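K.L.:
Here you go, sequence then predicted model.
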Amino acid sequence: MAASVRGKQAAALKRMLNFNAPQLKNTAAEPVWKVLIYDRCGQDIISPLLAVKELREMGITLHLLLHSDRDPIPDVPAIYFVMPTEENIDRICQDLRSQLYESYYLNFISAISRSKLEDIASAALSANAITQVTKVFDQYLNFITLEDDMFILSNQNKELISYHAINKPDIMDTEMEAIMDTIVDSLFCFFVTLGAVPIIRCPRGNAAEMVAVKLDKKLRENLRDARNSLFTGDNMGAGQFSFQRPLFVLADRNLDLATPLHHTWTYQALIHDVLDFHLNRVSMDESVGSEASPAGARPKKKNKKSYDLTAADMFWLKHKGSPFPEVAESVQEELDTYRAQEDEVKRLKSIMGLEGEDEGAISSISMSDNTAKLTSAVSSLPELLEKKRLIDLHTNVATAVLDHIKSRKLDVYFEYEEKLMSKSTLDKSLLDIISDPDAGTPEDKMRLFLIFYITALQPTSETDLDQYKKALLDTGCDLSPVNYIKQWKAFTKIAATPSNYGNSGVKPMGLFSRVMNSGSQFVMEGVKNLVLKQHNLPVTRILDNLMEMKSNPETDDYRYFDPKMLRGSESSIPRNKNPFQEAIVFVVGGGNYIEYQNLVDYTKAKPGKRVLYGCSELFNAGQFIKQLSSLGQK
Amino acid sequence: MNTRRCHGPRNSQEGVNLGPAQTQSPLIQLQDPQLTVPSLRPPAPLVDISNMSVKDRTNEFQSVCRSLQGRQNGVQSSKPALSAIRQHSDFNLLAKSIGKDLSNTFAKLEKLTILAKRKSLFDDNAVEIEELTYIVKQDINCLNKQIAQLQGLVRARQSQNGIHLQTHSSTIVVSLQSKLASMSNDFKSVLEVRSANLKEQKSRIDPFSQAPASSFHIHTSNFSNSLLMQDDSKKTAEVSIDFRASQQLQLINKQDSYIQSRADTMQNIETTIVELGSIFQQLAHMVKEQEETAEVREKWEDDRETEIIKLLVEMLCP
């Protein structure tokens, strides 16, 4: 897995856009124009990976949704990238009959069934367009890569495989089967694209185990089928520096319900928590100067602005895992550097301007030298513009986040929750915070209470519970999540070993003097500058145990699957004694950026190890609470 | 396809002739191996998909089609065969020929780049470089005109084309123009490299220079306005000589022609840079036009390329 999964998926997409032929580096090749047709799934997969500009460079002149009105464009090949669903197949057949394009390259995101293939064939036959269907491919790309080391399953219809769907009490066997099949299909595509057959470990007795069993079966079947195996050839060996197979850890969301509710302090996770952040795109209202007041009337309709946070953004790459005050400071630094560069360009411009008017007056300055300077200034212009755009972007985003922090006092919540999760002494009582009208929305308070309830070592007494419930009701909370958590605590029986969140310390470091300077955009007055200490969340801990082959009561009971072994999937004794160098963690039931960031931090501390993070869906605390609510109402 | 001959035939073109035109099937085109300078194209290798993480279902599809066809044998389809009918509108033909010429010119430019990079005093193919420079410049101008023609076609069709077709056509035009612009940029930097090398050569020969030549002054007066020449005129009226000549007369003749060629090159470079500015301007216009035609916008936003290009143009054109 020397190349990241993002690199591999992007390369697979580009290859597909090149008519499934390997790409030639030569720019002297003649340009070939094509049209790209995708469905919403395809769009979700492509958009985090390839920008419109890159599509244009590959010769794509138009990119259109499958289910839209499309004019015929004769003489041009069309590349389709869609899921093999009933409606999509129907629409493709309709396109064939309407003779929209010159030739058709059909690429299905996951494998198309034989019967659907026959449907297309008969439609092509009746339209006499068989020769126009030039290629049909199964792309095995049914997952979305958001980061170099993070992926999620499909975004469309995610409520079908959500935490709620998996854990609802009235679920039927058929529904569960369907959910498992969907998840396993995506995971299978993931491993095909990665080009590796993993060793699978999973806990017993929950959805994660079901996924593991099915995945093992599917991988095994594919490996046995020598003719059609997707794991042979160069895809496996070439480019891989380590010959060891990766470890695949399946975790269930029910193992740790506190982390999705946690208030966080790192940039990317904060953006996901407080703003509308979706598939690497932030959407927010354009602020017109004044800050949003927490108790004010609804503001007038403002423009919605979207920003893409991509891998090309150096600032983002560097700071997406940084604590927020550090981010604020760095934006300020970037702004200062940019202003210095801008002044340099302006100075040059004025010299040139002067030169033009007063010929010969400044003959002491060498002409060729100046043209060289001008050329370099001109060529550095796009860079400068881009830098300015990114600084603006991060200023706006960070300001929006800061507004939320200040109005909801998120720093207080963060600190308190950290203390709760690490069993440190609390300086304030929970009731105080809940009853405090200034701090946080009802949702924030519910989150805090739930974390308290989940991480409490001793079961809370009924009277205490009622007290809390009353306080929560007073602030306007809906209490259904509490009902669900009560049930969860009962059946998970984790009371025996409550999830240990490690010993984290949160040290307030006083106010940042630099950021308080008058020229700064970010007035962090009243916001504590909290510094995170590294601690391992439950998922990270489990990974650590399994990856380093440590013995631990928590993970000793995990099942062991090796799809490459002939028989004996029941053996729980790991064959492999060496620690793994590469691992993939997948959380069935949903994950979030806090877990992801924790894994990233863990990996940074261990050079030479690579960890990928995946989850069946990505939700922030607000969305998770909604799911808990509807579960609690049943 | 006719090979482009906007200018007189030059035998140096042969080295970069890329062989006969191929058919229009995109799949075959893409199976072409590297288009290097040698004239013959080796036969296209079969695409190797054994290392790809995808499954090719084409054969399966075709066999399904055949079996279905077999079943329907009695029923003749009333629709005529579609595949043979390809409407080659003039837009498409022109776009394809421009594309082909672009790749040809690019190959020539690559050769020029290799030649210009040479720094040796003795192996200086000045003549060949001159010719190639001239050819490439003519090619670029020709392409520029063709693309403008293409754009005219697109504008003319604006009313009758559907919006998708219009966007498709204008995207092609912009893409061709930006390819041309980037190629022109490369050309400009090659010329700069060349002039830098010439200067360096001159500085190496200067210590060995002998009699000054009177003819030099004539040339300087012609080029006094040339930006690039001003630099040289500041220095003394030393002249660089052709080191290979042994006799004085030959010396003067050679040095005349050398100075002439250098001066020509300098002026060429200058005029080319100015012309390139106009190409960028055209590109900016086209891009602006494309912005104005309603574009099908999906989830992705447009990038800032267009703004950057406009700003570049402002900076380049006084």
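P.N.:
Looks like it came in fine. All values derive from a computational prediction rather than experimental measurement. Numbering: from 1, shown residues only, chains lettered A, B, ... in the order given.

K.L.:
tell me the contacts of residue 147?
P.N.:
Going with chain A. Residues in contact with A:Glu147 (CB atoms under 8 Å, 6 or more residues apart in numbering or on different chains) are A:Arg6, A:Ala311, A:Tyr596. For every residue, glycine as well, the C-beta is placed using N, CA and C.

K.L.:
look at chain B instead
P.N.:
B:Ile98, B:Val173, B:Leu176, B:Gln177, B:Leu180, B:Gln282.

K.L.:
With A:Met547 instead?
P.N.:
So A:Met547 contacts A:Leu247, A:Val249, A:Pro579, A:Phe580, A:Ala583, A:Lys609, A:Val611 (CB under 8 Å, 6+ apart).

K.L.:
Looking at those, which is nearest A:Thr540?
P.N.:
If you rank those by distance to A:Thr540 using CB to CB, A:Val611 comes first, at 8.9 Å.

K.L.:
Once you drop chain neighbours, what's closest to the closest one?
P.N.:
A:Thr603 (4.6 Å; CB to CB, 6 or more residues apart in numbering or on different chains).

K.L.:
What count of nearby residues applies to that neighbour?
P.N.:
Number of residues near A:Thr603 (other CB atoms under 10 Å in any protein chain shown) recorded here: 19.

K.L.:
Surely it is in contact with A:Gln597?
P.N.:
No. At 10.7 Å, A:Thr603 does not count as touching A:Gln597 under the criterion of CB atoms under 8 Å.

K.L.:
quick one: A:Met284 and A:Asp276 touch, right?
P.N.:
Yes. Here A:Met284 reaches A:Asp276: they are 6.6 Å apart, a contact under CB under 8 Å.

K.L.:
in stretch A:461-476, what counts as buried?
P.N.:
The neighbour-count check on stretch A:461-476 (16 or more other CB atoms under 10 Å in any protein chain shown) flags A:Tyr468, A:Ala471, A:Leu472, A:Thr475 as buried.

K.L.:
Stretch B:149-157 now?
P.N.:
Buried residues in stretch B:149-157, counted by 16+ other CB under 10 Å: B:Leu150, B:Gln151, B:Val154.

K.L.:
Show me what the longest helix along chain A is packed up against.
P.N.:
Ordering each helix of chain A by length in residues (DSSP state H) puts helix A:367-408 first. Counting contacts by 3 or more CB pairs under 8 Å, 6 or more residues apart in numbering or on different chains; DSSP states H and E, helix A:367-408 packs against helix A:267-274, strand A:281-285, strand A:304-308, helix A:314-319, helix A:324-357, helix B:227-234, helix B:305-316.

K.L.:
tell me the angle the first one makes with strand A:304-308.
P.N.:
If you take axes from the mean of the first three to the mean of the last three CA atoms, to 10 degrees, helix A:267-274 sits at 150 degrees to strand A:304-308.

K.L.:
following helix A:267-274, which helix or strand comes up?
P.N.:
strand A:276-278 (DSSP states H and E).

K.L.:
in that following strand, what's buried?
P.N.:
A:Phe277.

K.L.:
now swap in stretch A:202-214 and tell me
P.N.:
A:Cys202, A:Pro203, A:Asn206, A:Ala207, A:Ala208, A:Glu209, A:Met210, A:Val211, A:Ala212, A:Val213, A:Lys214.

K.L.:
contacting residues around it?
P.N.:
Against stretch A:202-214 from outside (CB under 8 Å, 6+ apart): A:166-167, A:176, A:180-181, A:183-184, A:187, A:200-201, A:249-252, A:254-255, A:557-559, A:561, A:586, A:588-589.

K.L.:
can you map out the helices along the stretch 151-300 of chain B?
P.N.:
B:163-205, B:215-222, B:227-234, B:248-292 (DSSP state H, counting those that start in this stretch).

K.L.:
what's the answer for the stretch 1-150 of chain A, then?
P.N.:
Taking DSSP H, counting those that start in this stretch as the test, the helices found in the stretch 1-150 of chain A are A:5-17, A:40-46, A:52-57, A:86-98, A:114-126.

K.L.:
Dihedrals phi and psi, the residue nearest to A:Phe108 when sequence neighbours are not counted?
P.N.:
Excluding its sequence neighbours, the residue lying closest to A:Phe108 (CB to CB, 6+ apart) is A:Pro84, at 4.6 Å. Main-chain torsions, A:Pro84, degrees, to the nearest 10: phi -80, psi 60.

K.L.:
Contacts only, for A:Pro84.
P.N.:
A:Phe108, A:Ile109, A:Ser110, A:Ala111, A:Ile112, A:Ser113, A:Lys116.

K.L.:
residues contacting the fifth one?
P.N.:
Spelled out, it's A:Ile112. Counting by CB under 8 Å, 6+ apart, A:Ile112 touches A:Pro84, A:Val136, A:Asp138, B:Arg57.

K.L.:
can you rerun that using 6 Å?
P.N.:
A:Pro84 (CB atoms under 6 Å, 6 or more residues apart in numbering or on different chains).

K.L.:
worst average pLDDT in the helices and strands packed on helix A:367-408?
P.N.:
The minimum mean pLDDT among those belongs to helix B:227-234 (a mean of 40).

K.L.:
tell me the SS of the residue nearest to A:Val611?
P.N.:
Classification of A:Thr603 using DSSP: H, G, I helix; E, B strand; the rest coil returns helix.

K.L.:
how far off helix B:163-205 does the longest helix of chain A point, in degrees?
P.N.:
130 degrees.

K.L.:
Check the residue of the stretch 301-450 of chain A found nearest chain B and give its pLDDT.
P.N.:
Closest to chain B within the stretch 301-450 of chain A is A:Pro382: 4.5 Å, counting by CB to the nearest CB. At A:Pro382, the model reports a pLDDT of 80.

K.L.:
Sweet, I'm off.
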